[in-house]
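Novice: sequence? don't have it. structure:
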């Protein structure tokens, strides 16, 4: 069917509820809106999909959720009776319709004979990952759109290891979803009926207790916490799912002076106090910082709606005035990596054959930190599922010992019992690191300067270009295709000079074609890249330490083209100036490609 035929089917067929049909009736004269809602199905990409709430095949609603769940059910059925018996764990966050989507997922799976454990209240991503492993489930589903604006929701699928399903499994699930051509044939089941038959079981407190107990064993320097237990800390859950688990673990390890931003404490899918519930944006912490000023707090942090990301600010003094400095995701990742490895080394708890994991678009100073402690650093593609995969391969089934993983987008992980980024364990580690710093007579800002002094200055940034709708997605695809075509036509160092506008390009890694192009004055040398394919172009720029880089990639979860930068230098001011120049030049170039 054409998208207009599909629209008419949804608008008129009594299979769809009255509210859905009324919503679609209301856009009957808006051809562009009809096209955007029905020109495709929501794409099952980075271990699931996200979309704007509303009626249509390209929207998040009970019908698209049921279709995804029926496709997942087919995948599980093909995996055999044991997989069906082990079943699926389902969690959800505070977004609009998250409980309803979780219930639809549960009852659809149950209708196909698959056992389900359904969370009895909202819980965060790390608890979903942990629950899969705790119950030895075959899969997990998390209803969330992470840090996206309030009009979004999403559906993430986890494998039996507790990590997001890898690309191979995701492709099989996608084919199962695509095989469902008539959604009116999807099986249904009443929730109470499913519970009476034992196909759906509610769960909760026992997992909370076990998760908190597990986290408490990951404390690194308890003595510092004991001495600094009364340090003043401000926390905001940003209307999300982190409130209970974060407060539980901080209380368990001994922090006694936690102040909660009351206006942002309770779950609310409208996120009324922030424009976007994203702790990557300093403004998301503005209310927390105001409370910190009133309570003389040394540390401020906030978690996003599904509590897998965390943003941090720390008190410091500038020109005699007290201010709160917000850390970037890379800065906090660098601090935590150094804290974990340095503390364990001094305490004698850092095993031989240890490793850490980060991503290709995260700070390159991580390599210097790991080298200082004799720890292997592994780089993966963007996406925490790849970090979880390395834990499975090299720790669970290998002879190495995972210590820490992070990505630039404010995601961190310690321990091996969760296989996705975990803002709850990160909150515990950050507070512990702050306590240790106070013990040493320094703030976290001082600590960052000390780390920079040891490893060199590094400054990174990310700029996102958002283009909504079908037309925007097409522009993003066209821009990245044009950049790739120009790369493939470059013949030497001179012809590579204009690949991203102004900065000199030494080499380019094309992860889509799995080729690294190294440019010399005499030609091009190519070498293979041993990572999964991904639509990413990373430009190596050289610089003072030979580490400077820039990168362009379409987001896997939002209609964005994301552009990343990293500049490294022994001199702070020079690094900052070079970052600004590189960013300005490449952003101007990318805007031209996007036609904006």
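Specialist: Noted; the coordinates are in hand. These figures come from a predicted structure and were not determined experimentally.
Novice: thought residue 465 was touching residue 591?
Specialist: Yes - because the distance of 7.3 Å satisfies C-beta atoms under 8 Å, residue 465 is recorded as touching residue 591. (Glycine included, C-beta is placed from N, CA and C.)
Novice: neighbour count winner among these two?
Specialist: Higher neighbour count among residue 465 and residue 591: residue 465, with 22 against 14, using other C-beta atoms under 10 Å.
Novice: which element is that one on?
Specialist: strand 457-466 (DSSP states H and E).
Novice: the top helix by length along the chain to strand 457-466, inter-axis angle?
Specialist: When the chain is parsed with DSSP state H, its longest helix is helix 572-594. Angle, helix 572-594 to strand 457-466, by axes from the mean of the first three to the mean of the last three C-alpha atoms, to 10 degrees: 20 degrees.
Novice: what about the helices in the stretch 401-550 of the chain?
Specialist: Under the criterion DSSP state H, counting those that start in this stretch, the stretch 401-550 of the chain contains helices at 423-439, 444-455, 469-489.
Novice: buried set for the longest one?
Specialist: Of all the residues in helix 469-489, those buried under the rule 16 or more other C-beta atoms under 10 Å are 470, 472, 473, 475, 476, 479, 480, 483, 484, 486, 487.
Novice: quick check, nearest of these to residue 294?
Specialist: Nearest to residue 294 among the buried residues of helix 469-489: residue 472, at 42.2 Å, using C-beta to C-beta.
Novice: sketch out the low-pLDDT regions of the stretch 1-150 of the chain for me.
Specialist: Counting by pLDDT under 70, the stretch 1-150 of the chain contains low-confidence residues at 46.
Novice: can you show me the strands along it?
Specialist: 48-52, 88-92, 116-119, 139-143 (DSSP state E, counting those that start in this stretch).
Novice: make CSV from those and add mean neighbour count to it.
Specialist: Listed next are these as CSV, based on neighbours: other C-beta atoms under 10 Å:
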stretch, mean neighbour count
strand 48-52, 23
strand 88-92, 29
strand 116-119, 24
strand 139-143, 29
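Novice: let me have those in a markdown table, extended by distance to residue 322.
Specialist: What follows is the strands of the stretch 1-150 of the chain, written out as a markdown table (distance: least, C-beta to C-beta, whole Å):
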| stretch | distance to residue 322 |
| --- | --- |
| strand 48-52 | 39 |
| strand 88-92 | 39 |
| strand 116-119 | 41 |
| strand 139-143 | 39 |
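Novice: among these, which comes closest to residue 393?
Specialist: Among the strands of the stretch 1-150 of the chain, strand 139-143 comes nearest to residue 393, with 19.4 Å by C-beta to C-beta.
Novice: that closest one packs against which elements?
Specialist: helix 62-78, strand 88-92, helix 98-111, helix 125-134, strand 152-158 (3 or more C-beta pairs under 8 Å, 6 or more residues apart in numbering; DSSP states H and E).
Novice: partners of it, with directions?
Specialist: Applying DSSP bridges, strand 139-143 is found paired with strand 88-92 (parallel), strand 152-158 (antiparallel).
Novice: just send those back as a markdown table, with distance to residue 323 too.
Specialist: Converted to a markdown table, the strands paired with strand 139-143 look like this (distance: least, C-beta to C-beta, whole Å):
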| stretch | distance to residue 323 |
| --- | --- |
| strand 88-92 | 38 |
| strand 152-158 | 33 |
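Novice: nearest approach to residue 512 belongs to which of the ones you listed?
Specialist: Here strand 152-158 is closest among these (C-beta to C-beta), at 23.6 Å.
Novice: hmm, back to that, which of the strands paired with strand 139-143 sits closest to residue 500?
Specialist: Within these, the stretch nearest residue 500 is strand 152-158; the backing value is 30.4 Å (C-beta to C-beta).
Novice: what inclination does that closest one have with respect to helix 62-78?
Specialist: Calculated by the same axes, to 10 degrees, strand 152-158 forms an angle of 0 degrees with helix 62-78.
Novice: can you list contacts of whichever helix or strand comes after strand 152-158?
Specialist: Following strand 152-158 in sequence order, the next helix or strand is helix 167-178 (DSSP H and E). Contact partners of helix 167-178, identified using C-beta atoms under 8 Å, 6 or more residues apart in numbering, comprise 41, 44-45, 47, 67-68, 70-72, 74-75, 78, 157, 159, 165, 532.
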